[in-house]
Structures are given as structure tokens and as C-alpha cells.
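Colleague: Starting from these lines, generate the structure:
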Amino acid sequence: MAGRGTTNSMAPKAKDDPVRQQLIRALFSDSSSSNAETMLTYIKIYEEEKTSKEMKTLGGSSKKGGSADRNKLLSKPRYLCMTVKTNGKVRLHKVKKTSATSYHIGRTWHLDEIKSIENVDAKRWNVIINRPYAWVSDDAEVKNDFLMMLLKVLRSNLKRLPALINIDEPALANQFNLAREAVVTASTNRNHRVAPVPGNNGAAIANSTGSFVQDFDNRLSIQTERMKRTAAPSSGSLGSGMTPGTATIGGTSSPRTGSKLMEDTEPLDEVALMNLEELLYDMELTNNEDGVALETRLMNELAALETANVYSIIESDDRIKDVMAELDKGIEELDDMDNWLFLYRQELDSMGDDIRQIESQNRGLQVQTSNQASLLRELENLLISITIPDRIIETLKKETLERENGVRKLEDAAAEVQDVLLSKYDEDVAGMSAVRGRMELYSFHCSNFAGRLSDFLRAKCQAQADQYLNDRQRTLAKGYVVMFGYEPIEKYFITYRGLIVWLREMDPRRFADLQMLFVNNMNRLYRKEIKEFFSVLVTNHVAKLEKPDDSEFVFGSTYHGGLIARGGTAIRESLSSPSDLTGRIPWRKRSTREIQDPNAIGRSNNGTMYESSRRIDVGQEEKLAVDEAFSQALSIMTSLAAREQNYLSDLFTLTKMMSMRMFINDTPPFSMQELETVRKPTLDVKSSKRLAQLMGILFDGLSVELNNYAETGYKNESVQCVGMLISVERTQKEFAESDQAFLITMLAQLRTKLVGMFEKYVEEQFKFIEEARNKTKRKGVLPFMRIFPRFAQRMEALLEGNEDTEARTLITAAYDKLVRVMFESTEAVAKETVDFDDKEQGSHVVNIENMHHFYSELRQRKVTNLENYMKYAKGSYESHLATYVRGVVRRSLLKLLDFFDGVEGLVKAKASEDVGFHLTYNKQALKKVVSQYPASVVRKDLQHLYRKVEKHFSSEDEEGLLQVAWRGIQEEFIRQHERFSRLIRECYPDAGVQMEFSMQELLGFFSEIAKSH
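Modeller: Residues are numbered from 1 along each chain as shown. Just a heads-up that it's a prediction; the model follows:
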């Protein structure tokens, strides 16, 4: 193999081993560090692929020589290097070759980490260092040499050797000694100081420098020498730590002959250098090796030479044979003693192992005894814990459920049984026949009691429900609309709350059946009571119109149809002013709940729902508006439903999971007043869903009755859906952050229905507006423009105090749609009018009347949310009025206006004095046109004009518009007269012409007309 590829008869030189040199250069060449290491020797190995489990049985299989291990594939070529540090510590390195000249240390072990060494066969050997390793070498002799060196180092460094398996130390030692003698003989022959050395057939072995054995000894000597120099400072020259002329070999001093190799103060001449180079060549050394290596090598050569000389001298004396014979005999006896001592040590080690095994067994017996005692105590405690006194069982069997004292005893007994049955035991303990038998017995008694409890509560629940169903005193009447409630039932069943908790844990099926039984029986009571409540309310106390939608707030009502047919006279008779509308509208009353602060709606200072009598606040003959009755009914029903959910949660302990023992030790508080609280949402989603399911069954008729009431109210007066929608939204806010999942869902569905009703209502108004547009006479205030202000006032009254609701958004959107449609319809009607001599004037009159009515009515009712549309209507009214006035004045002063408009145009183009020279506008033309409008003609035209304007604005809805329009005409006449006079003065100063009627005469004409009308 690499570095050790020869037998003991002939080993290669160390310097000729390329692998050795590469390992040193790559890993152990740094001698400057305090942790520097010197490589003593190495061996190439291959690791076998074996698992840890296989390695544990490696010894037995190797001794049997099984072929399975031999057939294992070899892998992982590595180098095992033995090194020594400057402090004398010897270590083993497992080195991996990573490239052609690069190596990497994979693992490093100290000698004391070696647990065992096993010689498997000629090339295989196993070592346990933290884990088992199986190594194979290329050469058996090289492997044996390495093992011998390793054992030598182990003996010199460790107090206790690792376990040696299948290793023949005497054979290894003999092979090592033969190799050592061969090295000495080879070294002597090489230096030409040959002495007779006894050996195997007298063969001489050459070149000890590269041999495995001497190289190892030399490196140990080098390390020893370095340690000595570390302890005592040297002079820095070759052979430091020794006096000149002496050499230390194996701890003894020998005189050295000859002069120094080199003097520090004398330079070497050329001849000396040549001699030195020749010497180095003969010794197969290079001049680049360090001084320490050269010194070590020279010392080893000198020691070998002196040894050979001494041996030769001794061989020349005959007495030496006797001495050698005696020495051999003594050595044999020492070897025998060593063998005996080795055997004794093995026997002692075996006895020590036996003693340790006995001690371990003794400790195991002690632990076993202690465990058995603990087991006995545990069994006794277990029997005590699973034993229930007979009195507890008798209590479960016979104690009455009728009295509260008996219920308390049953709770304690049931808790005892529950503690035992729900105790957690190990699988082995639970499987014991004694434990299993007791558990089966107690489960039997537990099941019997659960059945007795369930049957008792079932019978009581059904009996009380039947009793209240047949109670004739709980009857509603006219003026007496109330929800009675069932507090006596609640107080009775809350006594059994603890036993119901126990039933939930011990028999979930019966617990679920009990829930459904209670809810179904209560549902029979509430369904009847809720239905009777709404029936009496709707029949006796909800105001109804004579005909559906006969309301002053609906665009298509029959009420307004009659008004339209009579030309609006009926409206004036029934509603002389907008304030009269308030007295006729059944405005919604404000109950105590409704006038509270919006941030505290439905709650008092302590956070409870506001106390209600569950009775509609109405007299025997009193009628309520649809939305007011709905608001009170909704408040009563939601409060009652919220209270019932709180009771179900407390009765069945749905929002807090606990055992019977926890219930007895820390009973949750309960009071009838506390049921009125609005509770926060629970984190238990499963319990919340269960509560919602139970409430859905309990009040399955509530949603139906509320929807039916909403539909009835909408049919009676569709605008009431807005009031009902506001009531629903206010109730939703009250329960928004509560655990009332059933109410939240029901209210959301009801709100969706009411929103749909309102949207349907708005769509119907669009249709009514379109119908009114086609059927109405093209004169006066249109029906939908007359209705809308009252409609807006009604909506704003409903929204008073509820601006933050979504109903405000819906109504504002409805305003936008309705107003746009009304304005568009008004424009269309104005364009299509046929009731006037002049169609254009008729269009202006229709716009003036309707826009003025829209603006003035909404401003009078202070509907601020329509401010933008009011501004638009005002601007449209003023624009049409100005256009109308200019049109009628032009008809009266047509020729004057045409003439002076032309004059004014010329003035803008040329100087005013040049106007009189224009052919069309000269002085004669001026005199002619002015003469056509004498005072008598103007007076007559004004009287005719007034009659015409009076006819245009004859609508009884807008009486004031005639005076407004006539005042505008008067101001336009005055303005035009002033303009005519100004242009005459500027353009015709010398014509001596003026208007045929003066300003005083014009004002007199208007005053005369005003007095006559």
C-alpha cells in the first residue's frame, strides 16, 4: 500500500514515500504554532459499509469466519495518521484525499477515546471509537506493524488499555523486534562500520532511515529532544540542549568524536562546502532540510554505529555467550511472568465485571422492590378513588326531585359519580378487571338516574305548557294588547340547572332531547300568544284608510285623483294651508324608548335593557299609525326574544362549559332581572349556533307575524314602510354588538323586505307621475308637484332624530329620482301645452307656476335636504318669468321696440348724431313710429294685456303669481319708456320729438288698472 507497500525484509525510504511527504506538507508542515504536530506514521485503510447494529455483532461473526462480512463492499479510502503534539499528546487523524495533492482531516480522536480493538483477519480490524469502525488495509504486515506501534503508544500514554480482541501481542512484538534488529544491521552496513549481528540467517537490512520501526523511534526521540529544549533554553545552534561532542540516545550520554559540522563564526571555504555536499549526497539528504532533521538523523546514525561497535567488542569475548544465555533465560522467565500477569489481569477484569453485574442486579432488585411498594400504594389509592359509598347510589335511586332540598342532595351525589366516571386512568389501569367492573356498575346507576331525571323534566314541561295553554285569564281584548311572558315556568326549571349540567356531561343524547322538548313546548305557548297579540293589534288599534293608499302623500292615490278632477278646489277646501296637513297626519307617537339618547337606546345606566310593560300604549278606542304600532310591537317582541335567549343560555349553560363539580364549587349567578341585559357575543361559535337554532324553533312564528304585519301596513298605506324600516334599523343598532344571533338575522331579513317595499313604492310613484303627466290639463300646478312637498315633509318627519340610519340614504336617493322625473315631466308638459294662444307663453306659464310652487312649498316646510333642488327651481322660475314678461311687453310695444332696437344698434356702430341721417331711422321715421302709440292707445293696450295675463295666471293654487307677473310687466314698461326717451335725446336732439305718453301717464295707467282689479 502507499507508504507501507513492502515487507519487513525491505522497507522504502521515508523520503521516497510520496504519500507521506504529501501528508506532511498538506497537514503537518506548520512547526511555528504552539499546536504543531509531527506525524509519526500512517497507514492507508478502507472503511466497510456496515450499520451500527452489524458492528455490535462484529466480534462473533468474525470469529466464526462467516463469509457474509467478507463479501461486504469496500468503500471510502482513507489514511489513518498517528501524530504527536509538542506537549507529548498523541492523536489519531482520519484523513480524506480531496485531490491529487490535497488532503482534509475528517475526524480526530484522542487515545483515551478508543474503547476496543479487534483483529478480524490478516487485513481486517475493527475499532470502537464513539461508534464502531470496520477498516481493511492493503498489506497484513503493514497492518500488524501499525497495530504494534499503536499498542506501544497506548501502553506508554494510558493507565488502562482498551479491550483487545483476537490480538496476539507476543507475535506482534517478535515481528517488531526482528524489524528493529534488521534496521540496526542495515544502518551499520550503510555507514561502512559493519559488525557481526545475529539475525535471521544473518541477512543484512539496508537503509534504516526509511524503515517503519526506526522512523517511529526516531520521531519519538525527536519529540523527546524538543520537549527537553522547551524545558531548558538552548543556544540556538545545531544539537541544542546537548554539549558539543555528546549525543543523547535512549536517556544515556555518549562522547561524540570529530569537530562540529559548522562553526557560526568561521565561514566555510569552497572545499568544505563540496565535502559537505558530498556527505549529504552519500546520506541521501538534501541541503534544504531543516537543521533539526539533519541533527536527528546524524544522531541516529551515530547511535547505530556505536551500538554495532559495542556489539562487536562484546562478541569477541567468550564469556559473553554465557552472559547472553543467562540473559535469554531471564528474558524467557520475564516473558512467562508477563504472560501470567496478563492472565491474572484478565481474571481480575472478569471478576470486576462479575462484581459490577452483581451490583447492578442488586440495584435492580432494590428498584423493583421500591416499585412494587409504590404499586401497592397506588392500587390501594385507586380502589379508594373508584369506590362510591352506597348512600350516594341510594340517593340517586330514591331521592325526590320535587323539593329543592332533594335536588341539592342529588346534585352532590351526581357530582360524586361524575368525578369517578370521568377520572383519567392509564390504559393499563383502565384495563384492570376491578376498575372495569366498578366503572360498568357506576355507569349503570348513572344511566338509570339520567333516565329518571329526563322523564321527570319531560313530564313537568308538558304539564306546565298545557296548563298555560288552557288558562282563559291570559286573554287579550280591545285596549289590552300585551305579551304576558312565562316567568313562573322559568323560575321553576332554573332550579334544575345543576342537574341539567350533569346530564349534558353524562348523557348528551338525553340532554339534546331535553333541549328540544323544552323549546317545543314553549314554542306552543309563544306561537299562540304572538299570533293573538298581532291579531288584536291590527284589528282594533291600527288606523286604516278608507281605500288603500288614499293618502295625501301618494302621487297616484284616488284621493288626489278626485282633487285633480275638481281642478284643485277640493284641496283648498280640505287644506287651507300646509300647516293643516300636520293635524291630519297620524304622526307617530314617541314612546319612552324612542326619545332616549340615540347612544343609549334600549339601555339604562347600568347597561340593562329599558324596562317595558310588554303592553302596547293605546287606549280602548285609540288608533295608531301603522309605523307607530309596528315600532311598539317590534320593541316588545325583540325584548322578549332577547330575554328568552338569555334564559336558555343560563338554563342549559350553553355559553360556559363546566362539569358538575365546577358548578357546585362555583355556581354561576342567576337573577330574573339579569335576564334583561344585552350580553356581549360569546367566543364559542358552536354554542352561538346552537342558541340560534333553539331560538329559531322557539320563535318560529315571530318572523312570520312581523312580515305579515309589514305587508298589511304597506297595502293600507305604502308610505308607512319607511317608518317601519326606521324602527327595524334602530332595533338593529340596539342588538348589533350582542350575542342575539337569532334576532340579528331576523331583523336583517325583515329590513331587506322593507327596503324592497320602499323601492317598489318609489317605482310606483314614477308610474303615477307619468300617468298624471298624460292625463292632466296643461295648465296650473301639476298634481305631482302639488303632492311632493307634503311627501317630503312626511319623510322628514319620519326621519327626525334618525339621520344616522340607512333609511336616510334610501330616502335621499328617492328624492333625487323623484325630483328629476318631476322636473323632466314638467318641462315636457310645458312644451306640449295647448291651452294658450301663444304656445311659447304657455310653456313659460306652466314652468313659472310649478317651479314657484315647488320652491315656495319646500321653503315654507323647511325641507333642507332638498336645498339644491329648491335653488334650481327658484332659478328656473325667475328665468321663465323674465322671459314671459319680455314677451308680453314686446307684443304691446312691438313697433317701438323694433325701431329703437335698430337705433341702439346704429349707436354702437357710429356716432349718435349720425343716426338721424340714416334713411330708415331719420327724423320722419321717428315721428311716424312715435305717433302710432298715443296715450289712449297705450292705456287700452295695457287693459287688454292685464286681462290676458290674468287669464294666464288664473290658477287658484298660485294666486300671488298674477301680481308678481303684472309688477314685472310694469317695471319692464317703465324701463323701455326710459330707454326710448334716452335714445331720442341722444340721437335726435334737434328733432323736437318726444313720446306721445309721458312717464306720469304710464304710471297712472298702471295705478288705474290696479284699483279696478
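Colleague: Quick one: list the elements packing against the top helix by length along the chain.
Modeller: With residue count as the measure and DSSP state H as the assignment, the chain has helix 319-385 as its longest helix. In terms of contacts (3 or more Cβ pairs under 8 Å, 6 or more residues apart in numbering; DSSP states H and E), helix 319-385 is packed against no helix or strand at all. Yep, even glycine has a C-beta here, placed from its N, CA and C like the rest.
Colleague: For it, what is the distance to the chain centroid?
Modeller: Counting by Cα atoms, centre = their mean, to the nearest Å, helix 319-385 is centred 64 Å from the centre of its parent chain.
Colleague: Strands along the stretch 101-250 of the chain, start to end?
Modeller: Taking DSSP state E, counting those that start in this stretch as the test, the strands found in the stretch 101-250 of the chain are 103-110, 114-119, 124-129, 131-137, 163-165, 246-249.
Colleague: The first one - what's its average pLDDT?
Modeller: Yep, that's strand 103-110 we're talking about. Summarised as a single mean, pLDDT over strand 103-110 is 89.
Colleague: who wins for proximity to Val728 among the strands of the stretch 101-250 of the chain?
Modeller: strand 131-137 (78.9 Å; Cβ to Cβ).
Colleague: Which strands and helices lie in contact with that closest one?
Modeller: For strand 131-137, the packing partners by 3+ Cβ pairs under 8 Å, 6+ apart come out as strand 37-48, helix 52-56, strand 124-129.
Colleague: Save the ones you listed as JSON lines, and put in mean neighbour count and mean pLDDT too.
Modeller: Rendered in JSON lines, the data for the helices and strands packed on strand 131-137 read as follows (neighbours: other Cβ atoms under 10 Å; pLDDT from 0 to 100):
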{"stretch": "strand 37-48", "mean neighbour count": "20", "mean pLDDT": "88"}
{"stretch": "helix 52-56", "mean neighbour count": "12", "mean pLDDT": "44"}
{"stretch": "strand 124-129", "mean neighbour count": "21", "mean pLDDT": "92"}
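Colleague: closest to Asp804 out of the ones you listed?
Modeller: Closest among those, using Cβ to Cβ: helix 52-56, at 77.3 Å.
Colleague: what's the closest non-adjacent residue to Phe630?
Modeller: Spatially, and ignoring its direct neighbours in sequence, Phe630 is nearest to Met724 (4.7 Å; Cβ to Cβ, 6 or more residues apart in numbering).
Colleague: ok so, going back, quick check: which of the strands of the stretch 101-250 of the chain is buried the most?
Modeller: With neighbours taken as mean count of other Cβ atoms under 10 Å, the strands of the stretch 101-250 of the chain reach their highest mean count in strand 124-129, at a mean of 21.
Colleague: Let me have the strands of the stretch 101-250 of the chain in a markdown table, extended by distance to Cys987.
Modeller: A markdown table is the format used below for the strands of the stretch 101-250 of the chain (distance: least, Cβ to Cβ, whole Å):
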| stretch | distance to Cys987 |
| --- | --- |
| strand 103-110 | 121 |
| strand 114-119 | 138 |
| strand 124-129 | 133 |
| strand 131-137 | 130 |
| strand 163-165 | 144 |
| strand 246-249 | 151 |
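Colleague: Point out the one among those that comes closest to Met672.
Modeller: Proximity to Met672 (Cβ to Cβ) singles out strand 131-137 among those, at 76.5 Å.
Colleague: Give me the sheet partners of the closest one and which way each runs.
Modeller: strand 37-48 (antiparallel), strand 124-129 (antiparallel) (DSSP bridges).
Colleague: For stretch 920-933, buried residues please.
Modeller: Judged by neighbour count using 16 or more other Cβ atoms under 10 Å, the buried positions of stretch 920-933 are 921, 923, 925-926, 929-930, 933.
Colleague: quick revisit: retrieve the pLDDT associated with the residue nearest to Phe630.
Modeller: The per-residue pLDDT reported for Met724 equals 91.
Colleague: Confirm it sits in a helix?
Modeller: Yes: assessed by DSSP: H, G, I helix; E, B strand; the rest coil, Met724 belongs to a helix.
Colleague: from what I can see it touches Ala629, true?
Modeller: No: Met724 is beyond contact range of Ala629, at 9.6 Å (criterion: Cβ atoms under 8 Å).
Colleague: re the thing from before, and of the helices and strands packed on strand 131-137, who's closest to Arg403?
Modeller: Of all those, helix 52-56 sits nearest to Arg403, with 72.8 Å by Cβ to Cβ.
Colleague: closest to Lys321 out of the helices and strands packed on strand 131-137?
Modeller: When those are ranked by proximity to Lys321, the top entry is strand 37-48, at 36.5 Å, counting by Cβ to Cβ.
Colleague: which regions of the stretch 251-400 of the chain lie under the pLDDT threshold?
Modeller: Low-confidence segments of the stretch 251-400 of the chain (pLDDT under 70): 251-291, 382-385.
Colleague: can we see that at 90?
Modeller: When the per-residue scores of the stretch 251-400 of the chain are filtered using pLDDT under 90, the ranges that remain are 251-328, 335, 342, 346, 359-400.
Colleague: Nearest approach to Arg947 belongs to which of the strands paired with strand 131-137?
Modeller: Ranking these by proximity to Arg947 (Cβ to Cβ) places strand 37-48 first, at 131.0 Å.
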